[in-house]
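**Student:** Give me a 3D structure for the following:
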Amino acid sequence: MAEWHDNNNQHTVQLAPSTLATINQLIASEKLPQHYYSYVTHQFCQLAQHVYDLSQTIGKSLVIGINGSQGSGKSTLALFLETLLTSEFNLAVANLSIDDFYLKRDERKALAENTHPLLLTRGVPGTHDIALLQKTINQLRDPNYLAPVAIPRFDKALDDRCPDADWDKVTGSVDIVILEGWCVGALPASSQALAIPINQLEAEADQDGSWRRYVNKTLATSYRQLFDSIDYLVMLQVPSFDHVFNFRLLQEKKLAAKSDSSKSNRIMSDIELRRFIQHYQRITEDCLATLPEYADAFFALNNNHEITDYRIGCASQSPCLIVTDLDGTLLDHHNYSFSAAQTALTYLTERQTPVVINTSKTAAELAILSCKLNNNEPFIVENGSAIYIPKDRYSEVLDNNPTSSDEDYSYQKDHVVKCLGKNRAYILQTIHEARETYNFKFEGFADWHTEKLMSLTGLDATSANLALDRHFSEPILWHDSEIAYLEFLKQLKAAGLTTLKGGRFIHILGITDKGIALSWLKSFYRSLSKDHNNTVQNDSDEPIIIGFGDSPNDIAMLAMTDIAVVVRSPQHSPEKIYHQLSNRQRKLITHGLGPIGWQEAIQQLFGLVRNNDFIEDNVTEKNVTDTKVTGNK
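**Tutor:** Sure thing, here's the model as predicted:
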């Protein structure tokens, strides 16, 4: 079995001689230290591999955002990433800088006269032509846009946009759009945070706060819409804002060396530069505080621009919690096998990453499947109706839980059960009384013998009996009119019940869903990281929640996660599910179906590097035993 490497290991990619020659030429032309060669051939290569794999998984043109303070080296990273993606992976790449989309000087002058004088200075949100930038990105990504796409250029020495004749042209759609900029991916601040000036510029030139409120408003509106189109965000993290002056001073000297001395330019003096960077301070400090955790990848830099730490995908040391649906997600839709995800499951076990099942199946079905998966984590059954917590693994937390004697808990031989829905006996009494009173035409599991369920679902006798062993819900087949169904829903609501439409049946259950159950379980896992004083020992102990689902039934669960993976399905539209999720959370659609896509997503999210002989997306049955289960939705 091929080994998967964590991204923070020094994994050397075999680059073509021509690529290595180009790298050395760029290092020389950019006047970079020779140790930068190691960054390009190790960390940046891993990033390029990760971006390539992600592009193949999602199957569409991607926007890669690069955030970094002034002088952090984001343009340099973008340059080498473009080189690697084009030379090694044969991808078409467009490399954009948000700086090239500054408003013209005359436009900023008018903005300064009409809104606030500080808006004459380029840089902050509100001083870019966001409509032009979004239009350019859309054209680059559109395979049906056949005309050349013009890429603006901005002359910082002249502080104005270059003439149209000097703009670059890109013909044909691209695979990757790189967008780098100091505020790319920045989040708006709260109104309370804006109230107090943070430097001399704000205190003297923006006494009423109108400039920073305007900047923040644009960041929350047009810039937010732009940043929401970013598929993957990379951050270069400098030690602090105090280092920005020295980094930016070096950048200014390079700009002066390249500028035409015969032209009137606007190269800044040291005094001018110190005031200039104060325009950027508030948002830069916010980015340094918030983006390292929010970004998909980050590189930490020291005072000398050296990389001291980095992460590509989920941090290898960060605690994660996987929560997954079963049928059509971890289990193949047709044969109910999880063998195609076995390599990923083994990796997660070795990493000690919990995998929690969140399903419509019953506890009886999950007891057998958990054994086959060698999984001793809690599991959620019957569409969020109950959570089964293994006694042997979490006995200490359960014993110390002040709510463990609550009436919603019950104790079984191997599990403590937290009920979030309604008892099935109550559900059956309610719906059968309604059927008798209103003459509703439906039938459900309680009306059927094993043979009937076998004929409806294709389950074998053992599996059918396990599916019939329900405690918190009742699946039914509705044979009545739509008007009658609306009245049925009214009666259920009055009784504190609801419905959930699955692939075959309508499920009657309490007012709960997979998302509500996951919310409770997140609190439970948080309690595992508390010390004896009932406080979380470290903020880093908060797990990153990664959710996997394939159907509308999974949206409530996916909405509760930090990273939502929509697994491609032959039964449901992944795009519809994807677009119903928030743009503020990281989300992706797999390329492969079911467990194949499940494994692909684990590889992408954890930044795992494939060896050349990694061909185990489809593990054969002879290599994995007892990997088939049966079930129904």
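
**Student:** Mean pLDDT per helix and strand in the chain: which one sits at the bottom?
**Tutor:** Sorted by mean pLDDT, DSSP states H and E, the helices and strands of the chain end with helix 244-258, the least confident at a mean of 66.

**Student:** quick one: which helix or strand includes residue 477?
**Tutor:** When secondary structure is defined by DSSP states H and E, residue 477 falls within strand 473-478.

**Student:** Output the contacting helices and strands for the next helix or strand after that strand.
**Tutor:** Past strand 473-478, heading to the C-terminal end, the next element that is a helix or strand (DSSP H and E) is helix 482-494. Contacting helix 482-494 under the criterion 3 or more CB pairs under 8 Å, 6 or more residues apart in numbering; DSSP states H and E are the following elements: helix 424-438, strand 497-501. Any C-beta I mention is one placed from the backbone N, CA and C, and that applies to glycine too.

**Student:** By mean pLDDT, show me the worst of these.
**Tutor:** Averaged per stretch, pLDDT over the helices and strands packed on helix 482-494 is lowest on strand 497-501, reaching a mean of 90.

**Student:** Run through who's touching that one.
**Tutor:** Outside of strand 497-501, the residues that reach it under the criterion CB atoms under 8 Å, 6 or more residues apart in numbering are 383, 422, 427, 430-431, 489, 492, 506-511, 513, 553.

**Student:** ok, of those residues, which come out buried?
**Tutor:** Neighbour counting by 16 or more other CB atoms under 10 Å classes 383, 422, 427, 430-431, 492, 506-510, 513, 553 among those as buried.

**Student:** show me what contacts residue 309?
**Tutor:** Residue 309 makes contact with 299, 300 under the criterion CB under 8 Å, 6+ apart.

**Student:** got any ranges where this protein has weak pLDDT?
**Tutor:** Judged by pLDDT under 70, the chain has its weakly predicted residues at 1-13, 57-59, 250-268, 313-318, 395-408, 503, 528-541, 583-584, 607-633.

**Student:** other SSEs contacting the longest helix seen in it?
**Tutor:** Across the chain, the longest stretch assigned as helix under DSSP state H is helix 270-294. For helix 270-294, the packing partners by 3+ CB pairs under 8 Å, 6+ apart come out as helix 200-205, helix 210-220, strand 232-237, helix 244-258, strand 297-301.

**Student:** follow-up on the earlier one: looking at the helices and strands packed on helix 482-494, which is closest to residue 195?
**Tutor:** Ranking these by distance to residue 195, with CB to CB as the measure, places strand 497-501 first at 44.0 Å.

**Student:** Could I get the CA-only coordinates of that closest one as CSV?
**Tutor:** Output for strand 497-501, consisting of C-alpha atoms alone and laid out as CSV, is shown next (Å, rounded to 0.1, in the frame of the first residue of the first chain):
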residue,chain,number,x,y,z
LEU,A,497,-43.1,16.2,14.9
THR,A,498,-41.7,16.8,11.4
THR,A,499,-40.9,15.0,8.2
LEU,A,500,-37.8,14.5,6.2
LYS,A,501,-37.9,13.2,2.6
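
**Student:** partner strands of it, parallel or antiparallel?
**Tutor:** Strand 497-501 has its sheet partners listed here by DSSP bridges as strand 506-510 (antiparallel).

**Student:** How far away from the center of its chain is the helix or strand following the partner strand?
**Tutor:** Counting by DSSP H and E, the next helix or strand C-terminal to strand 506-510 is helix 514-528. Mean C-alpha position of helix 514-528 versus that of the full chain (CA atoms, centre = their mean, to the nearest Å) differs by 19 Å.

**Student:** Over to stretch 202-210?
**Tutor:** Average the C-alpha atoms of stretch 202-210, do the same for its chain, and the two points are 37 Å apart (CA atoms, centre = their mean).

**Student:** before we move on, what about stretch 27-40?
**Tutor:** Per CA atoms, centre = their mean, the centroid offset for stretch 27-40 relative to its chain is 32 Å.

**Student:** what comes up buried for it?
**Tutor:** 27, 32, 36, 39, 40.

**Student:** end-to-end on that stretch?
**Tutor:** In stretch 27-40, first residue to last residue: 10 Å (CA to CA, to the nearest Å).

**Student:** ok, and what's touching that stretch?
**Tutor:** Under the contact criterion CB under 8 Å, 6+ apart, stretch 27-40 has outside partners 23, 24, 26, 76, 79, 80, 84, 254, 306, 307.

**Student:** got the contact list for the last one?
**Tutor:** Contact criterion CB under 8 Å, 6+ apart gives 39, 43, 299, 300, 301 as the residues in contact with residue 307.

**Student:** what pairs with the fourth one across the strands?
**Tutor:** Here residue 300 shows beta-bridge partners residue 237, residue 309, assigned using DSSP bridges.

**Student:** Could you tell me how many residues sit around residue 158?
**Tutor:** Residue crowding around residue 158 was assessed by other CB atoms under 10 Å; the count is 15.

**Student:** meant to ask about residue 198
**Tutor:** The burial count for residue 198: 15, using other CB under 10 Å.

**Student:** so which of the helices and strands packed on helix 270-294 is the most packed in?
**Tutor:** Comparing the helices and strands packed on helix 270-294 by mean neighbour count (mean count of other CB atoms under 10 Å), strand 232-237 ranks first with a mean of 24.

**Student:** That one - contacts with which helices or strands?
**Tutor:** For strand 232-237, the helices and strands in contact under the criterion 3+ CB pairs under 8 Å, 6+ apart are helix 45-58, strand 62-68, helix 74-87, helix 270-294, strand 297-301.

**Student:** Now do the SS call for residue 388.
**Tutor:** strand (DSSP: H, G, I helix; E, B strand; the rest coil).

**Student:** Verify the contact between it and residue 364 for me.
**Tutor:** No - the pair residue 388 and residue 364 does not pass the contact test of CB atoms under 8 Å, sitting 10.7 Å apart.

**Student:** the more surrounded of the two?
**Tutor:** Under the neighbour definition other CB under 10 Å, residue 388 and residue 364 were set side by side, and residue 388 has more, 21 against 16.

**Student:** who's that one bridged to?
**Tutor:** Applying DSSP bridges to residue 388 gives these bridge partners: residue 379, residue 417.

**Student:** What residues of stretch 478-496 count as buried?
**Tutor:** Buried, per 16+ other CB under 10 Å, within stretch 478-496: 478, 484, 488, 491, 492, 495.

**Student:** can I get the residues you listed in JSON lines with distance to residue 249?
**Tutor:** As requested, the buried residues of stretch 478-496 are arranged in JSON lines below (distance: CB to CB, whole Å):
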{"residue": "478", "distance to residue 249": "72"}
{"residue": "484", "distance to residue 249": "76"}
{"residue": "488", "distance to residue 249": "72"}
{"residue": "491", "distance to residue 249": "73"}
{"residue": "492", "distance to residue 249": "69"}
{"residue": "495", "distance to residue 249": "71"}
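
**Student:** so which of those residues would you say is closest to residue 119?
**Tutor:** Sorting the buried residues of stretch 478-496 by distance to residue 119 puts residue 492 at the head of the list, at 56.9 Å, by CB to CB.

**Student:** Report the separation between that closest one and residue 438.
**Tutor:** In this structure, residue 492 lies at 12 Å from residue 438, with CB to CB, to the nearest Å as the measure.
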